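> Return a 3D structure for these sequence lines:
(4 chains)
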Number of protein chains: 2
Amino acid sequence: MTENADKKKHHHGNLRAALVSAGIELLEEGGLEALTLRKCAARAGVSHAAPAHHFEGLQGLKHAIAEEGFRLFSAHLQRAIEAGPQSDRGRLNSICRGYLLFGLQHRGVLNVIFGGKGLAGLVASPSGKKEAHAYLLLRQVCAPFVPEGVDPQVVEAQVWSLIHGFTLLHLAGEFGPPAVPEDGGAFDQVMGLLDALPMPPKA
Amino acid sequence: MTENADKKKHHHGNLRAALVSAGIELLEEGGLEALTLRKCAARAGVSHAAPAHHFEGLQGLKHAIAEEGFRLFSAHLQRAIEAGPQSDRGRLNSICRGYLLFGLQHRGVLNVIFGGKGLAGLVASPSGKKEAHAYLLLRQVCAPFVPEGVDPQVVEAQVWSLIHGFTLLHLAGEFGPPAVPEDGGAFDQVMGLLDALPMPPKA
DNA sequence: CATGTGAACTTGACAGTGTAAAGTAGTGCT
DNA sequence: AGCACTACTTTACACTGTCAAGTTCACATG
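The predicted structure follows:
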C-alpha cells in the first residue's frame, strides 16, 4: 500500500501538499513577496517551524512549488492545445497563447517556476525529466516545423524564447497596459514571426 | 545653479548616487536577495534609515537602480553595436548578442530592470521616455527590417521578445550550463529566426 | 504490557529585514 | 541672532528565515 497517500501520519496528514497548496494560494493573491514560510504554515494550521521538516528552507518550498506549478502549467498548455484548431499552425499558436494566458493568470507561479533557478535543477536533473510534460508538448507541437537535418531543439528554443520573452515583457508592462481579453493586438502580430517556420536548413 | 549637482549638502554629499551605486554592487555580488536597504546604507557609510529620505522604501531604491541599470544596459548595447560589423544584419545580431552578454554579466541588474514592474513605470510614464536610450537603439537597428505599411513596433517587439526570452531562459539554465565564452552554440541558431526578417506585410 | 525510539510538530529564541516616529546637527535665509 | 528646513541618527516595532530544544504521538521491540 505504498500508493495510498491518505494515511494520516501524525496530526495533520499530508502536510507537505497542504503547504505547497497554501504557497500557491499566497502566490496568486499577493505575488512573489507574499510567499512566506510562516504564512504558509499559518494557512495550513501548523506552527511556523513545521515546514522545516518537509522542505529545506524557503528555497526548498519554492522548489516544490515550482514542481507543482509546472504540472499546472503543463496541464494548462495541453488544454489550450486541445481546445484550439487542430492543424500544425493552429497548435503552435495555441500553445503560445496558452503560455501567455497562464502568465497573465498565474503570474506569481510562473515567476517561481522560472525565477532563481527554480526549474533549472528540476529539468536538468536526470530524475526530473519525467516532470517535463510541457517540454514534450512543445516538442510535439514544434515537430512539424523542423526541417530535415536540423536539430529539433533549435526550433523549440526559437518558439520558446519568443513566447517566453513576449509573456514576460507583457507582464512587465512593456507593451502597454495588459490587454487581457484575448489580447488581440500585439500577440498575433508578434507571433507572426513564426510564420517563417520551417526555416530553410542553412544558406 | 540648479544644474550643478556637485554641491555637498550636509554630511555626505550626493548620498543618493552612492546608495544606488552600492545597490548595484550588492546586486552584482550576491544577486537579488543580497540587495538590502540596510546593507546599501552600511556600504555608503550612513545609518540604516538614511535611504528613506532619498527613496520611497525598498521599492523606490529598486526603481532608482532600474533607472541607472537601464543606462548601463543602453551603453552596453551601444558599445556592442559599434564594435560589431556595420551592416543591417550585423547590427541586429550585435544588439542581441549584447543583450545576452549583459544578462550573463549583470544578471542581478537585469532582474531589477525587468522584474516586478521595475521598468514599466519608468518607460511608460510620459517623463520617462528620455531614459529609453535602449529603445531608440532597438528602433534604429530594427528599422531596416520593417516592411512598408507595417508598424515598426511590431518588428521591435518580435526582436525584443526573442532575445529577452532567450536571455532569461539561458540565465535560468534551461539551455544547459551557461556556456559563457561567446556562446557559439544555441545563440546563433536561435537568432537564425531573425533571418526571416523582413516578413511580408500580410498574406 | 512497559519501554524506548523516532518522526511530526511546537515553542522559544536570534539575527536580519523594512518602516515609522522622534531626536539632532548642520545650512541657509531673514 | 534667530528660525525654519534638510539630512541624517536613534530608537522601536512587526515580520521574516532559521536554529535548538522540547513535546506528543505511532509503533516496534524487549
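> Mark out where each domain of chain A begins and ends.
Chain A breaks down by automatic domain parsing into domains covering A:11-54, A:67-196.
> Briefly note if the last one comes near DNA strand D.
No - shown here: domain A:67-196 not in contact with DNA strand D (Cβ under 7 Å from any atom of the strand), separated by at least 12.8 Å. C-beta coordinates here come from the backbone N, C-alpha and C atoms, glycine included.
> what's the answer for the first one, then?
Yes - between domain A:11-54 and DNA strand D, judged by Cβ under 7 Å from any atom of the strand, the touching residues are A:11, A:35-39, A:48-49, A:52.
> Can you name the residues that contact residue A:47?
By Cβ atoms under 8 Å, 6 or more residues apart in numbering or on different chains, the contact list for residue A:47 reads residue A:41.
> Which single residue of chain A approaches DNA strand D most closely?
Going by Cβ to the nearest atom of the strand, DNA strand D is nearest to residue A:57 of chain A, at 2.8 Å.
> For that residue, give me the pLDDT.
Predicted confidence (pLDDT) for residue A:57: 95.
> Mean neighbour count, the domains of chain A: which tops it?
Ranked by mean neighbour count under mean count of other Cβ atoms under 10 Å in any protein chain shown, the domains of chain A are led by domain A:67-196, which reaches a mean of 18.
> Show me how far it is from its chain's centre.
Its chain's C-alpha centre and that of domain A:67-196 lie 8 Å apart, by Cα atoms, centre = their mean, to the nearest Å.
> What of stretch A:15-32?
Centroid separation for stretch A:15-32 versus its chain: 15 Å, with Cα atoms, centre = their mean.
> mind listing the helices for chain A?
Along chain A, the stretches classed as helices by DSSP state H are A:15-30, A:37-44, A:57-83, A:88-105, A:107-114, A:120-124, A:133-142, A:152-171, A:186-191.
> Export those to CSV and append columns for distance to chain B.
Below are the helices of chain A laid out as CSV (distance: least, Cβ to the nearest Cβ, whole Å):
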stretch, distance to chain B
helix A:15-30, 12
helix A:37-44, 15
helix A:57-83, 10
helix A:88-105, 10
helix A:107-114, 5
helix A:120-124, 3
helix A:133-142, 9
helix A:152-171, 3
helix A:186-191, 5
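> Which one of those helices has the poorest average confidence?
helix A:120-124 (a mean of 53).
> need the contact list for the residue nearest to residue A:154 when sequence neighbours are not counted.
Distances taken as Cβ to Cβ, 6 or more residues apart in numbering or on different chains place residue B:189 nearest to residue A:154, at 4.6 Å, with adjacent residues excluded. Going by Cβ under 8 Å, 6+ apart, residue B:189 touches A:151, A:154, A:157.
> pretty sure residue A:193 is touching residue B:162, no?
Yes - between residue A:193 and residue B:162 there is a contact at 7.5 Å, judged by Cβ atoms under 8 Å.
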